[in-house]
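>>> Sequence first, then the predicted structure, then my questions.
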Amino acid sequence: MPDATGLELLAADLGDAATDTVYFRNRATLEIDPTRVREVLAALRGRGYSFLASLHGVDYFPEEPRLGVHYELLDMARVDRITVKLRLETASPEVDSVTPEWPTADHQEREVYDMFGVVFNGHPDLRRILMPEDYEGHPQRRDFPVGGEPVIFTRDERKWLEEPSEPV
Amino acid sequence: MEVKREPVRPVDADRLRVRELNAHQLLRGSELEGPNRPAHLEGEELERYVEERVLTTTLDSAVAWARSNAFFPLAFGLACCAMEQFHTAGPRMDIGRFGFEAFRASPRQADLIILAGRVSIKMAPIIRRLYDQMLEPKWAISMGACCSSMGVFNNYALVPADKFMPIDVHVPGCPPRPEALMHGILKLRDLVQDNPGPGWRGRYDAAGTEEQP
């Protein structure tokens, strides 16, 4: 069964909180205004999507607005899924936290904050979860350097001595 | 090849005993009396006689030899390399043949740490603390590509072991087979037999890096 039949009707009910609907390979996606995420998720919960299966961050580099947060909702009675997406500017990546209503979002929002630098307003304990607390930067952003430490292998030793700035 | 087992003949046994006694007497500077009195040895013959029968060594070398043949590794695994490390201690590879089978659960009792796996930035201080808790003389083996050069996980999360602690032997591989780890440990045994000095700060010119209270 395809997901979220009646997606357009759903979006119409949400009014201008929903900016777009995408239906791709039996997957329903609702794109929303980031300032109204709590309202939208509450409305979807009222329609049976009562389980937040996942919350994750995305970096759409080089598109703007660059950062995104996805909420995967599940209606366990009808086995129906819907994805809610929102986009955020890199300059001020702030969005309301949904942790008060969906406690499962707690650690996942912390991870998105850790990896992408999205700030969730109203989160009870927003700090890094995977990286050390004194770590600088948000490593899953696409403009974060891919390589970690340059390694001096014996075979490259001479090259390093001649051009130390050149990473191997 | 056919192996022949022959009982030791009494004559040979006697001869062996006589030679042993002669050597004792020689070292004491006196000589045996009676029919078993050895022929008088002088010069080159005497040199050879003593060389054949006496082993001299220094206490340091003897200690280094004993130490190098009885590492107490720390029972410590970080990732997938640890599986190979277990097998090194298992019956097939049996590291106990060399005397390294006593894996210790406490760093206070261990003198060898095998970093088996990838070291994340968050894990590094903990490993460093374990290493600092080990008593001198102590050694470290970096096992596998990840903790030597970060291997396939060369990204933001990992740090090579050389950045935060001294490593004596690097074992390459992803993961290295138990034979490779065993080879690494035997290389370390050779290193220790050469008596490189008890402290790692001495070995790696790191004097002055002691943590101040």
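It's in.
>>> can you pull the contacts of A:Asp96?
Residues in contact with A:Asp96, defined by Cβ atoms under 8 Å, 6 or more residues apart in numbering or on different chains, are A:Thr35, A:Val37, A:Arg38, A:Phe120, A:Asn121, A:Gly122. Placement of C-beta: from N, CA and C, glycine included.
>>> Could you do B:Val192 as well?
Neighbours of B:Val192 in contact, by Cβ under 8 Å, 6+ apart: B:Ala64, B:Arg67, B:Ser68, B:Pro137, B:Trp139.
>>> Okay, and which of these map to strands?
B:Trp139 (DSSP state E).
>>> can you redo the contacts of B:Val192 as TSV with distance to A:Thr21?
Below are these laid out as TSV (distance: Cβ to Cβ, whole Å):
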residue	distance to A:Thr21
B:Ala64	75
B:Arg67	72
B:Ser68	71
B:Pro137	69
B:Trp139	63
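>>> Generate a ChimeraX selection restricted to the buried subset of the contacts of B:Val192.
Written as a ChimeraX command, the selection of buried residues from the contacts of B:Val192, which uses 16 or more other Cβ atoms under 10 Å in any protein chain shown, is:
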select /B:64,67,68,137,139
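>>> May I ask which helix or strand encompasses A:Leu9?
Assigned by DSSP states H and E, A:Leu9 belongs to helix A:7-14.
>>> contact partners of that helix?
A:Ala4, A:Ala18, A:Thr21, A:Tyr23, A:Ala28, A:Leu30, A:Ile32, A:Val40, A:Ala43, A:Leu44, A:Arg47, A:Ile82.
>>> which among those residues gets closest to chain B?
A:Ile32 (30.6 Å; Cβ to the nearest Cβ).
>>> In chain A, what residue spans correspond to strands?
A:18-24, A:27-32, A:51-59, A:67-75, A:80-88, A:94-96, A:119-121.
>>> Give me the sheet partners of the third one and which way each runs.
It refers to strand A:51-59. Pairing partners of strand A:51-59, with direction, according to DSSP bridges: strand A:67-75 (antiparallel).
>>> For the partner strand, buried residues please.
A:Leu67, A:Gly68, A:Val69, A:Tyr71, A:Glu72, A:Leu73, A:Leu74, A:Asp75.
>>> Need the strands of chain A in JSON lines (columns: mean pLDDT).
Compiled in JSON lines, those are given as follows (pLDDT from 0 to 100):
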{"stretch": "strand A:18-24", "mean pLDDT": "88"}
{"stretch": "strand A:27-32", "mean pLDDT": "91"}
{"stretch": "strand A:51-59", "mean pLDDT": "93"}
{"stretch": "strand A:67-75", "mean pLDDT": "94"}
{"stretch": "strand A:80-88", "mean pLDDT": "92"}
{"stretch": "strand A:94-96", "mean pLDDT": "93"}
{"stretch": "strand A:119-121", "mean pLDDT": "93"}
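>>> A:Glu157: which of those strands is closest?
Nearest to A:Glu157 among the strands of chain A is strand A:51-59; the distance by Cβ to Cβ comes to 36.2 Å.
>>> what's that closest one in contact with?
Strand A:51-59 has contacts (Cβ under 8 Å, 6+ apart) with A:41, A:66-76, A:81, A:98, A:102, A:104-105, A:108-109, A:111-112, A:115-116, A:118, A:140-142.
>>> where in the chain is pLDDT low?
No chain was given, so I picked chain A. For chain A, applying pLDDT under 70 flags the ranges A:1-2, A:4, A:147-154, A:156, A:160, A:163-168.
>>> you looked at the wrong chain, it should be chain B
Answering for chain B: the residues below the bar, that is pLDDT under 70, span B:1, B:6-16, B:24-42, B:53-56.
>>> which residue is nearest the centroid of it?
Geometric centre of chain B, nearest residue: B:Ser68, 2.4 Å, by Cα atoms, centre = their mean.
>>> Same check on chain A?
Closest-to-mean residue, chain A, Cα atoms, centre = their mean: A:Gly57 / 1.8 Å.
>>> Share the number of residues neighbouring the residue in chain B that chain A sits nearest to, please.
Residue nearest to chain A within chain B: B:Tyr156 (3.8 Å; Cβ to the nearest Cβ). Burial of B:Tyr156 is recorded as 21 neighbouring residues (other Cβ atoms under 10 Å in any protein chain shown).
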